[in-house]
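build the 3D model from these lines:
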Amino acid sequence: MNIWQFQNRLSQRLFQWGLISSLLGFLMMRGSKFWQNIGWQFIGWGLIDALIALFGQHAARQRLDSYQNPGLPEVKVKEAANLRKLLWFNALLDVFYVLGGRRFAAEDKGDGGKLGTGVGIMLQGAFLLLFDVYHALMMPDEEA
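The predicted structure follows:
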């Protein structure tokens with residue numbers, strides 16, 4: 001698999017997760033305040049993930065079309081290096097999402113509202129951390 005195929009697959013997976021996350025969020029809306037607040041996080045993060053996936057796929061297609069020969073080894077090496085850096089940077093951000101969600105959950109006053117929101121943020125951040133690290137590690141080696 002080359003970097004262009006990998007980027008497309010990554011975008012498809014993130015889009016699918018966005019849809020699944022949003023659907024799960026809507027299902028959680030039927031529960032208690034705790035579950036509703038987790039559900040809102042799943043809906044919000046899911047929609048954002050889906051939009052990021054669509055934007056990423058569009059941007060990758062534009063870059064692919066902008067190259068005279070996108071199959072050149074140096075082009076693929078450059079694309080792979082950029083994507084790898086982006087995934088590791090996102091993984092770092094994901095750690096902060098988890099920590100922020102934990103802090104938010106700790107501020108709950110007993111009604112489950114902040115706890116649910118915090119847990120939702122932690123779950124979304126943890127998933128994205130695993131997603132980004134997995135894809136950073138599974139990137140194809142493009143050699144010049």
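
mind checking the backbone torsions on residue 112?
In this entry, residue 112 is assigned phi and psi values of phi 90, psi -10 (degrees, to the nearest 10).

quick check, pLDDT for it.
Note for residue 112: predicted pLDDT of 81.

isn't it up against residue 31?
No - contact between residue 112 and residue 31 fails when scored by Cβ atoms under 8 Å: they sit 10.0 Å apart. For the C-beta atoms, the positions are set from N, CA and C on the backbone; glycine is no exception.

how much space separates the nearest residue in space to residue 44 that is not next to it in sequence from residue 48?
Closest residue in space to residue 44, ignoring its immediate chain neighbours: residue 25 at 7.7 Å, by Cβ to Cβ, 6 or more residues apart in numbering. Taken as Cβ to Cβ, to the nearest Å, the spacing of residue 25 relative to residue 48 amounts to 12 Å.

which one's more surrounded, those two?
Under the criterion of other Cβ atoms under 10 Å, the comparison of residue 25 against residue 48 puts residue 25 first, with 23 against 14.

the more buried one against residue 40, yeah?
Yes - applying Cβ under 8 Å as the test, residue 25 and residue 40 come out as touching, 6.7 Å apart.

and residue 70, what does it touch?
Listed by Cβ atoms under 8 Å, 6 or more residues apart in numbering, the contact set of residue 70 reads 4, 63-64, 76.

of the residues you listed, closest to residue 96?
Of all the contacts of residue 70, the one sitting nearest residue 96 is residue 63; the distance, using Cβ to Cβ, is 28.0 Å.

number of nearby residues for that closest one?
By other Cβ under 10 Å, neighbour count at residue 63 equals 16.

helix or strand for it, which one?
Following DSSP states H and E, one finds residue 63 within helix 33-66.

for that helix, which helices and strands make contact with it?
Under the contact criterion of 3 or more Cβ pairs under 8 Å, 6 or more residues apart in numbering; DSSP states H and E, helix 33-66 touches helix 3-28, helix 113-138.
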